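> Any chance you could fold what I've pasted below:
(one chain, ligands or ions: 1)
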Amino acid sequence: MFDPVELQSKLSRADPGYYTLETCSEIARKLDRVVDLKRERNAVLLAHNYQRPEIFEVANFTGDSLGLALQAAEVEDAEVIIFCGVHFMAETAKVVSPSRKVILPNLQAGCSLADTADADDLTERIEELRREYSDLGVVCYVNTTAAVKALCDACCTSANAVDVIRAMPNRNILYVPDKNMAAYAASQLPEKNIIPWDGYCYVHHEIQPEAIQRIQATNPDIKVLVHPECRDDVIRLADAALSTSGMVNYARSSEADRFLAVTECGLSDLLAIQVPDKRFYRACKICRYMKMITLEDVITSLERLEPEITLPEEVARGAERAIRRMFELTASDRMPSSLMSID
Ligand code: SF4
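A predicted model of the protein is given here:
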């Protein structure tokens with residue numbers, strides 16, 4: 001059973017104004033209900049790093065989208081995956097765990113970045129570019145729909161985008177959909193011609209360099225960790241450009257005690273809760289999609305086992321091929337057994 005006092009002491013590190021004892025008493029009651037339902041349904045609950053702090057309390061795993069999908073695939077006896085994240089993430093979990101029921105507790109939780117790349121538009125753009133570049137390779141960020149992944153040669157994450165593009169045999173690469181990540185990869189790989197798709201994440205794109213410079217001016221020793229979805233003039237101010245999970249690992253293992261995590265605000269909340277002995281400053285923005293899933297949604301989805309995420313077979317197989325290629329190109333030993341067995 002969740003204790004409201006302990007809960008408040010923990011969650012108020014993220015937002016002391018919101019997580020009052022009264023609010024935490026209500027949250028504790030709902031968390032107890034989620035724990036019971038998860039057991040009844042034999043469900044594993046995944047929470048992306050940007051979710052509401054109370055969701056982390058009932059998560060079997062917390063992390064970035066592909067990492068979560070892979071961890072869930074390795075839980076042998078789970079029948080249901082509850083994905084607290086956004087739509088493309090639940091699709092990825094379905095691709096990696098095809099035999100399980102995958103539930104997204106609120107179907108409104110989409111992603112403006114993934115929405116910038118439509119599968120039909122991408123098909124046209126690939127045809128157009130192949131007339132100009134016969135060796136064109138197509139790499140997509142994991143923040144894309146499964147239908148888009150199915151059209152690409154390889155998928156990548158924010159942590160391995162540069163390594164995947166470097167390992168591709170093609171010199172000319174169409175990178176979909178984040179133009180900021182494409183620019184960052186191009187700065188690291190002058191030997192490649194990286195053609196960006198014209199998409200961006202509205203959350204990261206809105207973060208201005210002045211917000212970071214103001215904090216650096218009064219904290220010259222602070223470590224600035226920036227997500228590669230940020231603009232180039234923001235990335236240039238970073239001590240490290242890292243994925244969300246990379247930021248968590250960096251903050252835990254670094255000898256520094258003050259950090260500025262430049263990404264969606266949920267990560268700052270997570271860091272404040274999980275690394276209480278260090279101090280985290282904020283130059284972040286809130287993603288409206290990532291905050292849509294509430295504990296009420298989780299309870300309802302576990303009671304009804306919906307809304308379920310399903311994929312056409314050919315889309316699932318195509319997306320799976322692109323994800324598998326990512327593991328092959330990076331010689332990663334993290335390829336899940338569910339992907340290794342596919343021809
Ligand atoms: S933070 Fe950006 S990329 Fe992530 S879900 Fe929100 S809109 Fe999409």
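
> what sits against the residue of the stretch 1-150 of the chain found nearest the ligand?
Residue nearest to the ligand within the stretch 1-150 of the chain (Cβ to the nearest ligand atom): residue 111, separated by 3.3 Å. Where C-beta positions appear, they are placed from N, C-alpha and C, glycine not excepted. Residues in contact with residue 111 (Cβ atoms under 8 Å, 6 or more residues apart in numbering) are 86, 87, 88, 143, 201, 289.

> hang on, the second one packs against residue 106?
Going back to what we said before, that points to residue 87. No - Residue 87 sits out of contact with residue 106 when judged by Cβ atoms under 8 Å, with a separation of 9.5 Å.

> Between those two, which has more neighbouring residues?
The residue with more neighbours, out of residue 87 and residue 106, is residue 87; 22 against 19, by other Cβ atoms under 10 Å.

> For the more buried one, which non-adjacent residue is closest in space?
residue 110 (5.1 Å; Cβ to Cβ, 6 or more residues apart in numbering).

> helix, strand or coil for the one you found?
Three-state assignment for residue 110 (DSSP: H, G, I helix; E, B strand; the rest coil): coil.

> isn't it right up against residue 86?
Yes - contact criterion Cβ under 8 Å: residue 110 and residue 86 qualify, at 6.0 Å.

> what is in contact with these two at once?
Taking Cβ under 8 Å, 6+ apart as the contact rule, residue 110 and residue 86 both touch residue 289.

> Which of the two has more residues huddled nearby?
residue 86 (27 against 17).

> Contacts only, for that one.
Contacts of residue 86 by Cβ under 8 Å, 6+ apart are 48, 104, 109, 110, 111, 114, 289, 290.

> make it 10 Å
48, 50-51, 65, 104, 106, 108-114, 143, 287, 289-290, 292-293 (Cβ atoms under 10 Å, 6 or more residues apart in numbering).

> got it, and residue 126?
Here residue 126 is in contact with 136, 138, 151, 152, 174, 176 (Cβ under 10 Å, 6+ apart).

> Name the member of those that has the highest neighbour count.
Counting by other Cβ under 10 Å, top hit in the contacts of residue 126: residue 176 with 29 neighbours.

> what are the phi and psi angles of that residue?
phi -120, psi 140 (degrees, to the nearest 10).

> Please work out how many residues are found near residue 253.
A total of 7 residues lie near residue 253 under the criterion other Cβ under 10 Å.

> One more: the one 10 residues further on?
The criterion is other Cβ under 10 Å. On that basis, residue 263 has 28 neighbouring residues.

> which non-adjacent residue is nearest it?
Spatial nearest neighbour of residue 263, chain neighbours left out: residue 227 (4.0 Å); criterion: Cβ to Cβ, 6+ apart.

> Next, count neighbours for the one you found.
By the criterion of other Cβ under 10 Å, residue 227 has 27 neighbours.

> In this structure residue 153 contacts residue 168, no?
Yes - contact criterion Cβ atoms under 10 Å: residue 153 and residue 168 qualify, at 7.0 Å.

> Give me the common contacts of those two.
Taking Cβ under 10 Å, 6+ apart as the contact rule, residue 153 and residue 168 both touch 137, 138, 139, 325, 329.

> State whether the second one is indeed within a helix.
Spelled out, that is residue 138. No - going by three-state DSSP, the assignment for residue 138 is strand, not a helix.

> contacting residues for it?
So residue 138 contacts 122, 125-126, 129-130, 148, 151-154, 168, 170, 172-176, 195, 197, 322 (Cβ under 10 Å, 6+ apart).

> residues from the stretch 151-300 of the chain in reach of the ligand?
201, 202, 203, 264, 287, 289, 290 (Cβ under 6 Å from any ligand atom).

> Please flag which of the contacts of residue 138 sit within helices.
Mapping the contacts of residue 138 onto helices (DSSP state H) picks out 122, 125, 126, 129, 130, 148, 322.

> Run a quick neighbour tally on the last one.
In other words, residue 322. Look at residue 322: counted by other Cβ under 10 Å, it has 24 neighbours.
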